[in-house]
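Visitor: all I have is the shape, not the residue letters:
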Ligand code: CS2
Ligand code: MN
């Protein structure tokens, strides 16, 4: 595996590449052209500039998170082929730049969903939290406002104001899209992009839905073991794979993450590893990465990845805000650096004892 951290680019991130370079054991970053909306063309020059900037800092660009999917593709709209062509074009340019892993998601309308971005924990840190009862009582139109008000001025990944200002229109697009249709639309997309992935050896890593159940009545299909197996079964091309995100799959305490890892062996192209604390049914907060701070067994998760022969990029995921750092919620330097060091420690121990 390669330990990495997510970096949004210097125009958006409070964390610098020079800081990431000093986190022991972190050799790469996962980045993106953060200003690109779904469906936009990625210019070759912009990709090259991003890569050069990262390499000049002594790190590698280990993959892209994300190249987002236009809603026309997810809903199977009549103009989806136009957007798939653009997507293929972007993959081609990424491939030519030597990038071999692309993360994306297939969540309708909303990406990850939280109800609180700075919940105070007993140790004085703040963290992101979710409470289903708040979601049940809120109008989806107010959701982007709720996130924006708490984002400390940072643009939150997946919550681009340009897109979410069209929320009514987006909901209307998904009116007739149920789980079956979403799977069909995904298969159509996968089948069309696999040739370019073969050509440039690009691993596509679909990110699980977060939380792992339907929100606001919208269908969600990347939620647990059976659905992930069905999803992988849409294509036997090895480039069609997943991002194993413990924080997303772990929102449902019924999800046995080590068992999911074993079931997806060979198809996990990227890993997001973080811990959550479940406080009541449908209610959780993001914990520090350490097992003892949350509800997950991080040793068992890392061991399962090791045993499955995982060799892709891995990153600590959301961290708490600690030590007075002001950063994008979930993406400060300090707690993610602690997370990376901890995950590296687990990995070293597992490796030496195996
Ligand atoms: C990420 C997701 O910050 C996060 O929660 O894990 O936003 C992820 O980047 C996307 O869903 C992948 O497309
Ligand atoms: Mn994730």
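Guide: Looks like it arrived, so ask away. Values in this document were obtained by computation on a predicted structure and should not be read as measured data. Numbers count the residues shown, from 1 in each chain. Ligands and ions are numbered 1, 2, ... in the order given.

Visitor: which non-adjacent residue is nearest residue 162?
Guide: Computed as Cβ to Cβ, 6 or more residues apart in numbering, the closest residue to residue 162 that is not its neighbour in sequence is residue 37, at 6.1 Å. Backbone N, C-alpha and C define where each C-beta goes, glycine included.

Visitor: and the residue nearest the centre of the chain?
Guide: residue 207 (5.2 Å; Cα atoms, centre = their mean).

Visitor: so that residue makes contact with residue 246?
Guide: No. Between residue 207 and residue 246 there is no contact under Cβ atoms under 8 Å: 11.8 Å.

Visitor: any common contacting residues for these two?
Guide: residue 272 (Cβ atoms under 8 Å, 6 or more residues apart in numbering).

Visitor: picking up where we left off before, contacting residues around the residue nearest to the centre of the chain?
Guide: Residues near residue 207 by Cβ under 8 Å, 6+ apart: 65-66, 103-105, 222, 242-243, 245, 248, 272.

Visitor: ok, and of those, which contact ligand 2?
Guide: By Cβ under 5 Å from the ion, the members of those lying near ligand 2 are 245, 272.

Visitor: pLDDT, neighbour count and secondary structure added to the contacts of residue 207, as TSV?
Guide: Listed next are the contacts of residue 207 as TSV, based on pLDDT from 0 to 100; neighbours: other Cβ atoms under 10 Å; DSSP: H, G, I helix; E, B strand; the rest coil:
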residue	pLDDT	neighbour count	secondary structure
65	98	27	strand
66	97	22	coil
103	98	25	strand
104	98	20	strand
105	97	23	strand
222	97	24	coil
242	98	24	strand
243	98	27	strand
245	98	27	strand
248	98	25	helix
272	98	25	strand
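
Visitor: now, which of the contacts of residue 207 lie close to ligand 1?
Guide: Among those, the residues lying close to ligand 1 (Cβ under 6 Å from any ligand atom) are 65-66, 103-105, 245, 272.

Visitor: report the two of those separated the most.
Guide: Spatially, the most separated pair among the ones next to ligand 1 among the contacts of residue 207 is 104 and 272, at 13.3 Å (Cβ to Cβ).

Visitor: model confidence at the residue lying closest to residue 109 once chain neighbours are set aside, what's the number?
Guide: Take residue 109 and drop its neighbours on the chain: the residue closest to it by Cβ to Cβ, 6+ apart is residue 170, 4.9 Å away. Per-residue confidence (pLDDT) for residue 170: 92.

Visitor: surely residue 170 is within a helix?
Guide: Yes. Checked against DSSP: H, G, I helix; E, B strand; the rest coil, residue 170 lies within a helix.

Visitor: any idea how many residues pack against residue 163?
Guide: 20 (other Cβ atoms under 10 Å).

Visitor: how long is stretch 142-159 from one end to the other?
Guide: In stretch 142-159, first residue to last residue: 12 Å (Cα to Cα, to the nearest Å).

Visitor: list the contacts of it.
Guide: 8, 12, 14, 34, 66, 68, 105, 110-118, 138, 161, 164-165, 167, 216, 326-329.

Visitor: can you give me the strands in this protein?
Guide: Using DSSP state E, the strands found in the chain span residues 2-6, 28-31, 60-65, 101-105, 116-120, 126-131, 203-207, 240-245, 268-273, 276-280, 283-286, 313-316.

Visitor: circling back to that earlier point, buried only: go through the contacts of stretch 142-159 for me.
Guide: 8, 14, 34, 66, 68, 105, 110-117, 164, 167, 216, 327-329 (16 or more other Cβ atoms under 10 Å).

Visitor: can you pull the contacts of residue 322?
Guide: Applying Cβ under 8 Å, 6+ apart, the residues near residue 322 are 125, 332, 334-335.
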